[in-house]
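Asker: Build me a model:
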Amino acid sequence: MSKPGLLFVFGEAGPKLSDAEFNDWYDNEHVPLRMAIPAFRTTARWSAIDGKRPHYLATYDLDSLAVLDEAPYVTFADTRSEREKDVIRRVQLLDRRTYEVLKPEFPSTAGYEEREQGPFLVTMQIEIKPELEDELNRWYTDEHIPLLEKVPGWRRSRRFVLKDAGPAKGTDAGTVLGRPPKYLAVHEWDSLASFETNEFRYATSTPWRMKMFEAADTWDGRQWEVMRTWVQE
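Answerer: This next block holds a predicted model:
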């Protein structure tokens, strides 16, 4: 059985599809079909609060990445409803990636509930030279996440490694070029005020952190606010 994983999908409704249509399809058709599969443990939808695009993100926690290669999931593309076919035809972008959980896994804050993800999320995509990957992983494990855990308002941090990407769908699918960064970190927070604390400033400005930042080929951070969460009963 493959390792637990994350299905991670950027979305942009675009000029040919209203946000209302996009969100209604996502919330009332797309996600329920997937949450009917027991291996889809949770789904969360997020909207960007950093002014960047794509504006939407969906994250699906999977018991195993193998579920994406099995029925009923593999049948979805051939059994789309007429509404879904219309949405796919008009949507600007759906950019899909899959990730495996990267060990070690870090405990969440006391009282954390998966059905109450967020309410704020920071995603960090990093690509770094192969000879520095071990050091990047040590930095995260030995310094960075232990420091984040001390920041008021921190809830949970997780790391993943890219397994597959694409193909993108939508009118702008052709603009998605190359392979995404190898490493993904996701951090959940109670409040944006956490980023103004001395603890957060220190966690994001240590000499080791700056070394990793300056050595990275890609260091792409995004900020999101939760829209809705689904949890497997």
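
Asker: ok, R115 touching T229?
Answerer: Yes. Counting by Cβ atoms under 8 Å, T229 is a contact partner of R115 at 5.9 Å. C-beta: built from backbone N, CA, C; applies to glycine.

Asker: Compare those two and say which is more crowded by neighbours.
Answerer: Neighbours per residue (other Cβ atoms under 10 Å) separate R115 from T229, with T229 holding more: 18 against 11.

Asker: What score does the residue of the chain positioned farthest from its centre have for pLDDT?
Answerer: Relative to the C-alpha centroid of the chain, counting by Cα atoms, centre = their mean, E82 is the outermost residue, at 28.0 Å. The confidence metric pLDDT takes the value 98 at E82.

Asker: Longest strand in this structure, please.
Answerer: Determined from DSSP state E, the single longest strand within the chain is strand 218-231.

Asker: Work out the gap between stretch 61-81 and the centre of the chain.
Answerer: Relative to its parent chain, stretch 61-81 has a centroid offset of 18 Å by Cα atoms, centre = their mean, to the nearest Å.

Asker: Contacts made by it with the rest, please.
Answerer: 1-7, 29, 33-34, 36-43, 88, 98, 100, 114, 163 (Cβ atoms under 8 Å, 6 or more residues apart in numbering).

Asker: Can you get me the start-to-end distance on that stretch?
Answerer: End-to-end span of stretch 61-81 (Cα to Cα, to the nearest Å): 24 Å.

Asker: quick one: the closest residue in space to K169 that isn't next to it in sequence from Y183, how far?
Answerer: Sequence neighbours aside, L94 is the residue nearest to K169 in space, at 4.5 Å (criterion: Cβ to Cβ, 6 or more residues apart in numbering). Separation of L94 from Y183 (Cβ to Cβ, to the nearest Å): 22 Å.

Asker: Check E135 too.
Answerer: Per Cβ to Cβ, E135 is found 12 Å from Y183.

Asker: more crowded one of those two?
Answerer: Using other Cβ under 10 Å as the criterion, E135 and Y183 rank with Y183 on top: 22 against 14.

Asker: wait, doesn't the more buried one sit right on L132?
Answerer: No. Taking Cβ under 8 Å as the definition, Y183 is not a contact partner of L132, at 11.1 Å.

Asker: And the helices in this protein?
Answerer: Counting by DSSP state H, one finds helices in the chain at the ranges 19-25, 31-35, 82-90, 133-139, 145-148, 198-203, 207-215.

Asker: Report the contact partners of W208.
Answerer: W208 touches 139, 143, counting by Cβ under 8 Å, 6+ apart.

Asker: go on, V161?
Answerer: So V161 contacts 99-100, 102, 182-184 (Cβ under 8 Å, 6+ apart).

Asker: What distance do you get for R41 to I88?
Answerer: Distance from R41 to I88, by Cβ to Cβ: 25 Å.

Asker: and what of K182?
Answerer: From K182 to I88 the distance is 28 Å (Cβ to Cβ).
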